[in-house]
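Visitor: kindly return the folded structure for what I paste below:
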Amino acid sequence: MPKTKEQKKNILADIEDKISRAKSVVFANFKGLGVKENEELRTKLKFENSEYYVAKKTLLGLAYKNKGIDSLDIDNFSGQVATVFGYDDEVAPAKIIDQFKKDNQDKIDFIGGILEGKYIDAGKVGSLAKLPSKIELYAKLVGSINAPVSGLVNVLAGNLRNLVYVLKAIEEKK
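Guide: Numbering: from 1, shown residues only. Coordinates of the predicted model:
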């Protein structure tokens, strides 16, 4: 049954809201996914504060046009298009889809995405999926900051250890 104009307006407003809240968006072709696999993917994405959304291409295109992203031509995307909105981490949606694609014999594939308000092609989304997550980057940064301090502590502790060894040797001599 076709949707009424009022329903389409509500869907359009919902999509526009999701676009404005999203830090990144990934478009994927999902023609090979079954219901069980679809639900599994939605669960994984929800855990990372991302959302898997399917709507008609015309509504998606109109929503992006209303949000000022004119470089996107969704009507030229082939097959069924799923939109994955990433609300916290820009990299998380691409990483999850990439891993899911490997686990499920390529039943889903990247079409493109939006990062910082600009359209990126499928190759760039694939490259984005290879980047470390925000938490991993924070861990590396903290490790890098902590390394010189740890080295200094070890050097100072080494001097104290050497002093203790010298005192112990003097004590054993007497």
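
Visitor: give the closest residue to residue 62 in space, chain neighbours not counted.
Guide: With CB to CB, 6 or more residues apart in numbering as the criterion, residue 62 has its nearest non-adjacent residue at 6.2 Å, and that residue is residue 12. For the C-beta atoms, the positions are set from N, CA and C on the backbone; glycine is no exception.

Visitor: do the same with residue 94
Guide: residue 129 (4.0 Å).

Visitor: residues in contact with the residue nearest to residue 62?
Guide: Taking CB atoms under 8 Å, 6 or more residues apart in numbering, we find residue 12 in contact with 59, 62, 63, 66.

Visitor: in the helix or strand harbouring it, what counts as buried?
Guide: Element membership for residue 12, per DSSP states H and E: helix 5-21. Neighbour-count burial for helix 5-21 flags 8, 11, 12, 15, 18, 19 (criterion: 16 or more other CB atoms under 10 Å).

Visitor: how is the protein partitioned into domains?
Guide: In terms of domains, the chain is parsed into 5-131, 132-174 (source: automatic domain parsing).

Visitor: return the most buried member of these.
Guide: Neighbour counts (mean count of other CB atoms under 10 Å) averaged over each of those peak at domain 5-131, with a mean of 17.

Visitor: end-to-end on it?
Guide: 42 Å (CA to CA, to the nearest Å).

Visitor: related to what we said a few turns ago, reformat the domains of the chain as TSV; add mean pLDDT.
Guide: Below are those laid out as TSV (pLDDT from 0 to 100):
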stretch	mean pLDDT
domain 5-131	86
domain 132-174	79
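
Visitor: which residues in the chain form strands?
Guide: 24-29, 50-54, 81-86, 109-115, 118-121 (DSSP state E).

Visitor: okay, these in CSV with distance to residue 164 next?
Guide: Below are these laid out as CSV (distance: least, CB to CB, whole Å):
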stretch, distance to residue 164
strand 24-29, 55
strand 50-54, 55
strand 81-86, 54
strand 109-115, 56
strand 118-121, 59
